[in-house]
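Asks: Coordinates for the following, if possible.
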Amino acid sequence: MVGVGLAIAATALASWWVLGGIALAVLAVLALVFALQRRALARYDDLQRQVRIRTESLAETNLRLTAERAQAAELALERLQQKEALSLRERELQATTQALEAANATVRQHVSELESQRAALVAANAELAQSLTTIAEQQRQLVAAEQLTVLAKITANVAHTANTPLGVLLSAGEAWERQLATLLAPTPLGALWQGVAGQPVYLPSPAEARAARKALAEHLPGWVADPEDWAQRLAAVGVTPERWGAFAGALQGPDDLLALETLLRMRQTTVNLVQSARRLQASVLTLQHASGETAEPPAQVDLVQSVRQALAHVEAAGSATLKYQFTAGPVPPVVGYPLALQALWDTLLRNAEHALKAAGGGTVRVAVLPEGPLHVKVSVADTGPGLAPEVVGRLFEPFVTTKAHGEGLGLGLYLAQRIAQRHGGTVTLGRVGGETVAEVILSLRAPGASLGSKKP
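Replies: Down below sits the predicted model:
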C-alpha cells in the first residue's frame, strides 16, 4: 500500500512538475506575447508618428505647392501682360521704324542732292583755282617776258658798248706774249721764255699749290739757298715737278730763278686779265644766249679743261672754310659755245659756294664723267643746307632766287638751263645723300642745227 501510495504520490508530484512546466511555458509564452505586443504597439506608435509627420509634411508641401501655383499663375498673368505690352511696343517700334526709314530716305535724298551740289561746287572751285593759277602763271610769264625783253635790249646795248673795249683788251693780252717773245729773244732770258711759253698756262688752286710745293723742293738745284721758300713761290705760279724739266735747263743761278718767277707771274697775270675779260664777255654772251641771239661761234670744247678753269677761278677767290674736290674721267670734247659753257660752270660753282658760305663752310665736289656712250655728265655737289621748299619747283624760272634781296637777279639757273638746252642737254637740281647736286647732261652729238640756230 505504501508502495502504491508512493507511486501515486510520485505520479502526482510528476504531474505537478509537468503542470508547473506547462504553466511556466504558458507564462513564458504570455511574456513573449506581451513583449511582442509592446513592440508592436511601439512600432505602431512610431508608424503613427511617421504618418503624422508625413501628413504634416504633405500638408506643408500642398500649401507650398498651392502658393507656388498661385505665384505661377500670377507670373503667367504678368508674362501675358508683358507679352501684350511687348507686342504693343513692337507694333509701335515697327511704326516708328517705318517712319524713320521714310525720314532716312528723305534725308538720303537730300544728302545725295547736297553731295551733287557739293561736287559741282568743288569742281567749280577747282576750275576757278586752276583758272586763277593759269592767270597768275600767265601774268608771271608775261612780266618775266617783259623783263627779259627789257634785259635783252639792255644786253644788246651792253654788248655793243662792251665788245669793242673787250676786244681791244683781249687782242692786247694775246699780243703781249708775242711782243715779249720778240723783246726777250736776243737776251739771255730768251731761252727761259721759250720754256715758259712752251708750257700751257696753269692756274693752280691753293690745294694743288700746297701739294706741288712739297715735291718741288726736292727737284730744285743745290745752289738754291732756301728750297722750301722757292718751292712755295714757284708752286704758286704753276710750277710742278712735272713742268720743272721745261725750265731747269735755262736756269744758271738765283737771278734766273727770280726771272722765271717774274715771267710766270706776268704770264699768269696776263692770262687772268684775259680770262677776266673773257668772263665778262661770257656774261654778255650768256644773256645773248638767253634771248636767242649770240655772236659766239661754236667750237670744240675740252670739258675737263673748261670745268677745271672755272673751278680754279672760283677756288682762288673762295673762303678758307671751303674745300674743293675735282674728279675727271675720259671724256671726249664736245661741240659747243666755249664762253657760254664757262658761264654755265661758273653759275653752278658760285651757287654751291654761296650755299656753303651761308652754312659756315663745307665741301664742293665737282666731277666730269662719261654718261653712257652718247652723253657726258658734269656734276657740282655741295654739303650745304639744301634748297628752299617754296622755290624748288621754280628754280629754273627767270627772276626766281633763294638769295637775299640785292644779291642776285634770279637768272643764273634760268640762263644755265638755256645754255644746256642749246647744247642738246639739261640741268637738274636735287638733294642726294645729304648733298645738293646740280647735274648737267650734255650730248656728245649735239645737232649742228641746234648750235647754229638763233633760237634754242
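Asks: Next one, pLDDT for residue 439 please.
Replies: The model reports residue 439 with a pLDDT of 93.
Asks: before we move on, what about residue 381?
Replies: As predicted, residue 381 sits at a pLDDT of 92.
Asks: Quick one: neighbours of it, just the number.
Replies: Residues lying near residue 381 (other Cβ atoms under 10 Å) number 21. Just so you know, the C-beta spots here come from the backbone N, C-alpha and C atoms, and that holds for glycine as well.
Asks: Over to residue 416?
Replies: The tally of other residues near residue 416 (other Cβ under 10 Å) stands at 26.
Asks: Which helix or strand contains it?
Replies: helix 412-422 (DSSP states H and E).
Asks: so is residue 327 in a helix, a strand, or just coil?
Replies: Put simply, residue 327 is strand when judged by DSSP: H, G, I helix; E, B strand; the rest coil.
Asks: one step back: check which residues of the helix holding residue 416 are buried.
Replies: Across helix 412-422, burial judged by 16 or more other Cβ atoms under 10 Å covers 412-420, 422.
Asks: Can you name the two of those that sit furthest apart?
Replies: The span of those, defined through Cβ to Cβ, is set by 412 and 422 at 16.0 Å.
Asks: Would you list the phi and psi of residue 432?
Replies: phi -130, psi 120 (degrees, to the nearest 10).
Asks: repeat for residue 365
Replies: As for residue 365, its main-chain torsions (degrees, to the nearest 10) stand at phi -110, psi 120.
Asks: Give me the pLDDT for the nearest residue to residue 371 once chain neighbours are set aside.
Replies: Nearest in space to residue 371, with sequence neighbours left out and distances taken as Cβ to Cβ, 6 or more residues apart in numbering, is residue 377 at 4.0 Å. Predicted confidence (pLDDT) for residue 377: 93.
Asks: give the contact list for residue 377.
Replies: By Cβ atoms under 8 Å, 6 or more residues apart in numbering, the residues touching residue 377 are 367-371, 439-442.
Asks: what's the closest of these to residue 80?
Replies: Of the contacts of residue 377, the one sitting nearest to residue 80 (Cβ to Cβ) turns out to be residue 439, at 90.1 Å.
Asks: Would you mind pulling up the elements that the helix or strand hosting that closest one packs against?
Replies: Taking DSSP H and E as the definition, residue 439 sits inside strand 435-443. Strand 435-443 is packed against strand 334-336, helix 338-359, strand 375-382, helix 412-422, strand 426-432, with contacts defined by 3 or more Cβ pairs under 8 Å, 6 or more residues apart in numbering; DSSP states H and E.
Asks: quick revisit: can you lay out the buried residues of helix 412-422 as TSV showing pLDDT and distance to residue 179?
Replies: What follows is these, written out as TSV (pLDDT from 0 to 100; distance: Cβ to Cβ, whole Å):
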residue	pLDDT	distance to residue 179
412	74	38
413	79	42
414	81	42
415	82	36
416	84	38
417	85	42
418	84	39
419	85	35
420	87	39
422	84	37
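Asks: just the residues you listed now: which is nearest residue 129?
Replies: So of these, ranked by how close each gets to residue 129 (Cβ to Cβ), first place is residue 414, at 26.5 Å.
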